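Colleague: I would like the atomic coordinates for the input below:
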Amino acid sequence: YFSMRLSLPVISRLTALKSAFLGLFASSYLLYAYVANRPVVCGDSSGCEIVRLSKYAYIAGTIPRPLLGVLFYAAIILLLLFRVALRTRAVALWRVMQAMIVVGVIESVWLFFIQWQEIKAFCLWCLLSAVAAIGLGIAAFLDRPVQDDPAQRAHELRLMLVYLAVLSCIFLVGLGYLLS
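Modeller: Numbering: from 1, shown residues only. Take a look at the predicted model:
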């Protein structure tokens, strides 16, 4: 079951799945804090609240920026699963995912510079999301379209589903802890 040798593209997709879950976790927590108008738990740093209260925290003054993160990371997770599960449109889905990741990395780098130069404070959760986006960028660079080998696809999909189950449990426990 787990004994099949994994190629670099398969390892990169599994890494992308873990990175996307990390980003989804950070973005989901931030979205909750924004929507519930609750202070962001940020350790010893007060940077999270400074960032949350800045003009950059909302798009057009109404859409919480973490919502973009939640949508982005959830879409990447779905694209990763669809790319492996579907035999058709694998190259098109790969291209869509690559383009989305480029946009996500650019957004994360831009927001890092905004925190550094404009806000002059850093949100640890925002930085965690940026690390996840950079992880996706590296994984995307090493990724290739899924091979049309049914045994390899089935093995990779099983691995992804196991990762999905484990990461979902960690995600739910972590969010439950933060929200309690």
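Colleague: show me the contacts for the most centrally placed residue in the chain.
Modeller: Relative to the mean C-alpha position of the chain, the nearest C-alpha, by CA atoms, centre = their mean, is the one of residue 20, at 2.8 Å. Residues near residue 20 by CB atoms under 8 Å, 6 or more residues apart in numbering: 73, 76-77, 80, 132, 136. (Glycine included, C-beta is placed from N, CA and C.)
Colleague: what comes up buried for the lowest-mean-pLDDT helix or strand in the chain?
Modeller: Lowest mean confidence among the helices and strands of the chain (mean pLDDT, DSSP states H and E): helix 150-179, at a mean of 86. Buried positions in helix 150-179, judged by neighbour count with 16 or more other CB atoms under 10 Å: 152-153, 155-156, 159-160, 163-164, 167, 171.
Colleague: now do stretch 6-23
Modeller: Buried residues in stretch 6-23, defined by neighbour count with 16+ other CB under 10 Å: 9-10, 12-23.
Colleague: just name the closest of these to residue 67, please.
Modeller: residue 23 (13.0 Å; CB to CB).
Colleague: tell me if I'm right that the closest one and residue 132 touch.
Modeller: Yes - if you go by CB atoms under 8 Å, residue 23 and residue 132 touch, sitting 3.2 Å apart.
Colleague: so which residues of the protein form strands?
Modeller: 58-59, 63-64 (DSSP state E).
Colleague: for those strands, give me JSON lines that also has distance to residue 142, mean pLDDT and mean neighbour count.
Modeller: Converted to JSON lines, those look like this (distance: least, CB to CB, whole Å; pLDDT from 0 to 100; neighbours: other CB atoms under 10 Å):
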{"stretch": "strand 58-59", "distance to residue 142": "31", "mean pLDDT": "93", "mean neighbour count": "13"}
{"stretch": "strand 63-64", "distance to residue 142": "32", "mean pLDDT": "95", "mean neighbour count": "16"}
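Colleague: make TSV from those strands and add distance to residue 90 to it.
Modeller: Converted to TSV, these look like this (distance: least, CB to CB, whole Å):
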stretch	distance to residue 90
strand 58-59	32
strand 63-64	32
